[in-house]
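*Asks:* model this:
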Amino acid sequence: MQHHHPVGAWAVLGEPDRTELRNRLHAGENVAAAVRVDLDEELRFAEGAIVLTEQRLLARTAAGWREWALTPQLGLRTADHGGVALLELHDASGRLAAWPHTLGVHAAVLRLVQQLDALQARRAAGHAGADVDEPGPCPSCGAPIPPDADDCPACSADDAAPPSTWVLLRLGRFARPYRGQLAAGFFLTLASTAATLVPPYLTMPLMDEVLIPFQNGQRIDPMLVALYLGGLLLAALVAWGLGWAKTYLLALVSERIGADLRTATFDHLLGLSLDYFGGKRTGDLMARIGSETDRICVFLSLHALDFATDVIMIGMTAAILFSINPWLALVTLLPLPFIGWLIHRVRDKLRTGFEKIDRVWSEVTNVLADTIPGIRVVKAFAQERRESERFRAANRHNLDVNDRLNKTWSLFSPTVALLTEIGLLVVWAFGIWQVSRGDITVGVLTAFIAYIGRFYGRLDSMSRIVSVTQKAAAGAKRIFDILDHVSNVPDPAQPVALPKPQGRITLANLGFRYGSRQVIRGLDLDIRPGEMIGLVGHSGSGKSTLVNLICRFYDVTDGAIQIDGVDIRRLRVADWRRHIGLVLQEPFLFFGTVAENIAYGKPGATREEIVAAARAAHAHDFILRLPHGYDSLVGERGQGLSGGERQRISIARALLIDPRILILDEATSAVDTETEKEIQTALGNLVQGRTTIAIAHRLSTLRKADRLVVMDRGQIVEVGPHDELMARQGAYWRLYQAQLKRVEDDGAEGGHEPSADGPRAGAPTPNALSPSAHAELPGLPVAPAS
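*Replies:* All right, here's what the predicted structure looks like:
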């Protein structure tokens, strides 16, 4: 009997596992889900596989294959901490097996747990069959993709709802300030359209009163001919003048609407919290604010104007045709229902297709946004070919999506043109028949043909506008996806003023969840004004998260953070952050001069203030050695400076705003010992008289701290000065001794200061994780030291 497996689940496994699994599966047994794990029981990197069928759970480790029948009590549960997660198999008797893994595969593991739960629920309800039509995972994010879908639903979550043309009406709020200009533009459009309809009307008397009588032997009246030709020339000049005026006026308005849209989108984007940016790609956001607004601007300045002109022209032409001859006018309108039906059928395909093209194009810009800023890393690891292949793959995907859409569009436009040509032939035939009966004159038929040329020409133009309209609608939806997103860190409706805080920070029963993970729980801490607090703990213990909460990059889910007794959520976000100086592990410098970067937090600072801040940060001397001193360009992200120089400029930037609260997030971990001494001296000037919270890689940075706060699993386990914590011989003492031993072991190689958050990078063996990770997950043996 043939097996039926979901493509995604089967593709997860390597070829050796698939071959072995085919031999192990019973007749008719199907794979419902599969996942590959990447750690062994000793937390060393090793490949393994877990496979779920509708009858049992199978697992492959270094020891071989094991299996468990799906009893009603069989279940899976997960836990994660410090970058390592654990999947446990259990039943009523207890734990049967456990598979550690990194967080890189944790999303796939969670889906396996959900799949087993769903399968057990179906078995309990009497439906034992597995859902073999389960979609495969997205190669980027791991989320399920339906077999017939081109895009990952999770990756395009913001674009889940198909864009509607009506979304363009939401641009009305940006057009409201220009109502007067738009009204004038509409009047000019109406007048210029009317002027273009005059020449065909004048062809009737030219034919019937001048040309045809001349063919019958009558003389041409020069004055009459001059009158009609003068009328044609005047109509052409008026149409030209009005057309120029309306095009120029509406182009000015559309450019301003586009500029306002870009500004509003960027301002709103700056007000969103960090978790929004965590789920977005830089290239995608750049494409939305850049190319999407440009597309909307072009639509408003050109195509929307053409569409309005087409509608007015068709309406006026139809009225004139019916006034001349109703029957001939009815024949003229025969192709309209077919064209309308065709537009309706094609419109939705075009709209969803152009939106898909926008998403795919953002993949191309994402590759550029990743590669260009990281070009040093690309070249250092000789990965030019790899990045080129990434770009080729994204470009190829973009080409494929465009080709599929062009198949529809290439058929649509010629079909509309064919229908209009057939309509023109029908009018000619019916008109000749009416002329032969004497119902109309040749002049009337000539005028009809001239009007019909304009009528069908506008119909063809409108059919082409369908394409650009759907492009603009797709772009507008992606713009409003940003504008409709509400920040998770909102300003209060009635903010409290905090002109000059003393600096007392109170953390009361603090809790924070990041998605489904509880990162901080039940944390209480009172920081006195001017006190220096050092945060220590293993990587993943919650130190940086706590700093992010204090800066209000995120809002707490439980408890409160207070400054001088006032909940920081009652303050305006900008007012609160104005009192915080932040020095990061990797300082970010903007493209510009040294002086501009130092004065970033205080744009109006004088040169004297900038120099004073640089002196205090011990940056003045090296700045003067630069080619143009304080006016030297530092390059994008400060590429023209060393790590220590960038850090001292970052310290000067924090000093210049004179913050009451200072946060140092591993400010010296990425520099050498000599540079660290210079930065430490600069930091000594910075922390004086300020409430300071410091996270440090080297314990030496925290020896001057008034109190050390030891964190583990999002909780505080110890608080006190260095000497007191060492005397207790608790968590801090164990951490210090472990790091001291590491320094002694590395002494022959130069050594390092003890680290405040576990071993330095490279301390474990190349194929093992830090032993500290074992302590985070109960039930795992400790890896032997290498």
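
*Asks:* could you pull up the mean pLDDT of stretch 298-305?
*Replies:* The average of the pLDDT scores along stretch 298-305 is 73.

*Asks:* repeat that for stretch 479-490.
*Replies:* Mean pLDDT, stretch 479-490: 82.

*Asks:* quick one: end-to-end length of that stretch, please.
*Replies:* In stretch 479-490, first residue to last residue: 20 Å (Cα to Cα, to the nearest Å).

*Asks:* before we move on, what about stretch 207-219?
*Replies:* Terminal residues of stretch 207-219 are spaced 14 Å apart (Cα to Cα).

*Asks:* i'd like the first residue to be 879 from this point on
*Replies:* From this message on, residue numbering opens at 879, which makes the last subject stretch 1085-1097.

*Asks:* how about residues contacting that stretch?
*Replies:* Applying Cβ atoms under 8 Å, 6 or more residues apart in numbering, the set of residues contacting stretch 1085-1097 from outside is Ile1098, Asp1099, Leu1102, Val1103, Tyr1106, Thr1319, Val1320, Gly1321, Val1322, Thr1324, Ala1325. C-beta here means a position set from N, CA and C on the backbone, and glycine is covered the same way.

*Asks:* how about 7 Å then?
*Replies:* Stretch 1085-1097 is contacted by residues Ile1098, Leu1102, Val1103, Thr1319, Val1320, Gly1321, Thr1324 when judged by Cβ atoms under 7 Å, 6 or more residues apart in numbering.

*Asks:* which helices and strands sit right next to the strand or helix carrying Gly1050?
*Replies:* Element membership of Gly1050, judged by DSSP states H and E, is helix 1050-1053. With contacts taken as 3 or more Cβ pairs under 7 Å, 6 or more residues apart in numbering; DSSP states H and E, helix 1050-1053 sits against helix 1100-1148.

*Asks:* and the following helix or strand past the helix it packs on, what's buried?
*Replies:* Using DSSP H and E, the helix or strand that follows helix 1100-1148 in sequence is helix 1152-1156. Neighbour counts over helix 1152-1156 (16 or more other Cβ atoms under 10 Å) mark Tyr1154 as buried.

*Asks:* following helix 1152-1156, which helix or strand comes up?
*Replies:* Sequence-wise, the next helix or strand downstream of helix 1152-1156 (DSSP H and E) is helix 1160-1165.

*Asks:* out of the contacts of stretch 1085-1097, which are inside helices?
*Replies:* Using DSSP state H, the subset of the contacts of stretch 1085-1097 located in helices is Leu1102, Val1103, Val1320, Gly1321, Thr1324.

*Asks:* what sits against the fourth one?
*Replies:* To tie it back to what came earlier, the one meant is Gly1321. Thr1081, Met1082, Pro1083, Met1085, Asp1086.

*Asks:* give me the distance between it and Met1085.
*Replies:* Distance, Gly1321 to Met1085, using Cβ to Cβ, to the nearest Å: 3 Å.

*Asks:* kindly report the same for the last one.
*Replies:* Thr1324 sits 5 Å away from Met1085, taking Cβ to Cβ as the criterion.

*Asks:* picking up where we left off before, closest one of the contacts of Gly1321 to Ile1310?
*Replies:* Closest approach to Ile1310 among the contacts of Gly1321 (Cβ to Cβ): Met1085, at 14.9 Å.

*Asks:* you'd agree the closest one is in a strand?
*Replies:* No: under the criterion used here (DSSP: H, G, I helix; E, B strand; the rest coil), Met1085 is helix, not part of a strand.

*Asks:* tell me the pLDDT at the residue most central in space within the chain?
*Replies:* Geometric centre of the chain, nearest residue: Lys1158, 2.9 Å, by Cα atoms, centre = their mean. As summarised for this prediction, Lys1158 has a pLDDT of 73.

*Asks:* okay then, goodbye and thanks.
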